[in-house]
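Colleague: sequence and predicted structure are below.
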Amino acid sequence: MISLAILTLVCVLTYSFEIVFGLAGTILMLPLLSHLYPPKTLVIYSVVPQILVAAIGLIRSPNKVDGQFMVGMLSFAGLGAIVGFALFYYFSATVFQMLLASAITAAGLFLVIAPHRAKFNPAGMRVMDTLAGTSQALFGISGPVAMTRLLATFHDKNTVRHYAFAFFFAMNGLRATEYAIHGTYTAEILKMMAVSAPFLAVTLWFGNQLHLHINERVFRRVVAWMILLGGMSLFYR
């Protein structure tokens with residue numbers, strides 16, 4: 001029960017970050033909990049908090065999503081996810097952890113060194129959409145890739161955040177369905193989800209309003225460094 005309490009507390013904190021700025025929940029959660037649970041277990045579990053973040057963020061946002069834009073983004077992300085799901089079940093636990101650490105560290109480096117500087121042509125955006133889908137399926141993480149793509153597309157932070165939540169909701173819904181079809185959920189993971197979900201739902205519902213009051217620029221600098229350090233720490237687990 002102690003490990004479940006720690007899991008719930010860590011996820012309340014890390015996914016509160018994600019609902020405020022649209023990224024970092026799973027990236028921050030993984031290195032903090034990897035000493036208690038295997039990385040693959042945490043990645044599978046993360047589908048619940050990510051769906052909660054996206055659903056609550058969308059419900060409480062006044063913004064509207066352009067259906068045509070999302071269909072295009074999700075179509076290419078879906079192609080990437082097919083590759084990601086195949087690799088998820090192929091890699092051993094050791095290889096998976098090293099790839100995960102490398103992916104998080106690379107994302108952190110980019111966010112620290114070149115925040116908000118990405119510019120893509122239409123082909124480049126589709127490549128980013130595909131990579132986001134692959135990363136989501138393989139690591140349970142697409143925030144750095146998807147947010148980089150959206151920041152290059154939209155200038156308003158609230159619009160970027162809203163489209164990120166729409167993308168995460170769709171991709172995690174796909175991930176949850178694939179896990180169910182493949183019989184990936186274990187009794188331990190289902191217990192983790194059942195215990196933590198009510199606390200997460202209440203916290204995220206009220207925490208959503210924090211994005212109106214927190215300085216985004218300073219917060220993203222802190223998150224970028226936390227992502228980088230979290231990824232590096234996984235190499236030594």
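Modeller: Yep, it's here. Numbers count the residues shown, from 1 in each chain.
Colleague: run a quick neighbour tally on residue 206.
Modeller: For residue 206, the neighbour count with other Cβ atoms under 10 Å is 12. C-beta here means a position set from N, CA and C on the backbone, and glycine is covered the same way.
Colleague: mind listing what's buried along the one helix or strand it maps to?
Modeller: In this structure, residue 206 sits in helix 187-207 according to DSSP states H and E. Counting neighbours by 16 or more other Cβ atoms under 10 Å, one finds that the buried residues in helix 187-207 are 189, 192-193, 196-197, 200, 203-204, 207.
Colleague: what's the average pLDDT for that helix?
Modeller: Averaging pLDDT along helix 187-207 gives 93.
Colleague: let me know the closest of the buried residues of helix 187-207 to residue 156.
Modeller: residue 207 (21.0 Å; Cβ to Cβ).
Colleague: so for the closest one, what's the nearest residue that isn't a sequence neighbour?
Modeller: Once flanking residues are discounted, residue 207 sits nearest to residue 16: 4.5 Å by Cβ to Cβ, 6 or more residues apart in numbering.
Colleague: just checking, the one you found touches residue 208?
Modeller: No: at 9.1 Å, residue 16 does not count as touching residue 208 under the criterion of Cβ atoms under 8 Å.
Colleague: how far away is the residue sitting nearest the centre point of the chain from residue 31?
Modeller: Residue closest to the mean C-alpha point of the chain, counted by Cα atoms, centre = their mean, is residue 141 at 4.0 Å. Note on residue 141: its distance to residue 31, by Cβ to Cβ, to the nearest Å, is 12 Å.
Colleague: please, where are all the helices along the protein?
Modeller: Per DSSP state H, the chain has helices spanning 2-21, 25-33, 39-45, 47-59, 67-90, 93-113, 122-139, 143-151, 157-182, 187-207, 216-234. These are given in chain order.
Colleague: residues in contact with the closest residue to residue 60 other than its chain neighbours?
Modeller: Distances taken as Cβ to Cβ, 6+ apart put residue 208 closest to residue 60, at 4.9 Å, once the chain neighbours are dropped. Listed by Cβ atoms under 8 Å, 6 or more residues apart in numbering, the contact partners of residue 208 are 19-20, 56-57, 60.
Colleague: including distance to residue 156, pLDDT and neighbour count, could those residues go into JSON lines?
Modeller: Compiled in JSON lines, the contacts of residue 208 are given as follows (distance: Cβ to Cβ, whole Å; pLDDT from 0 to 100; neighbours: other Cβ atoms under 10 Å):
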{"residue": "19", "distance to residue 156": "18", "pLDDT": "87", "neighbour count": "27"}
{"residue": "20", "distance to residue 156": "16", "pLDDT": "82", "neighbour count": "25"}
{"residue": "56", "distance to residue 156": "20", "pLDDT": "93", "neighbour count": "21"}
{"residue": "57", "distance to residue 156": "15", "pLDDT": "89", "neighbour count": "24"}
{"residue": "60", "distance to residue 156": "17", "pLDDT": "84", "neighbour count": "15"}
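Colleague: touching stretch 209-217 from outside, list them.
Modeller: Stretch 209-217 is touched from outside by 16, 19-21, 60, 157-158, 161, with contacts defined as Cβ under 8 Å, 6+ apart.
Colleague: ok, now stretch 153-170?
Modeller: Among residues not part of stretch 153-170, those counted as contacts by Cβ under 8 Å, 6+ apart are 21-23, 50-51, 53-55, 57-58, 61, 63, 65, 69-70, 73-74, 77, 125, 132, 142-143, 146-147, 150-151, 211, 216.
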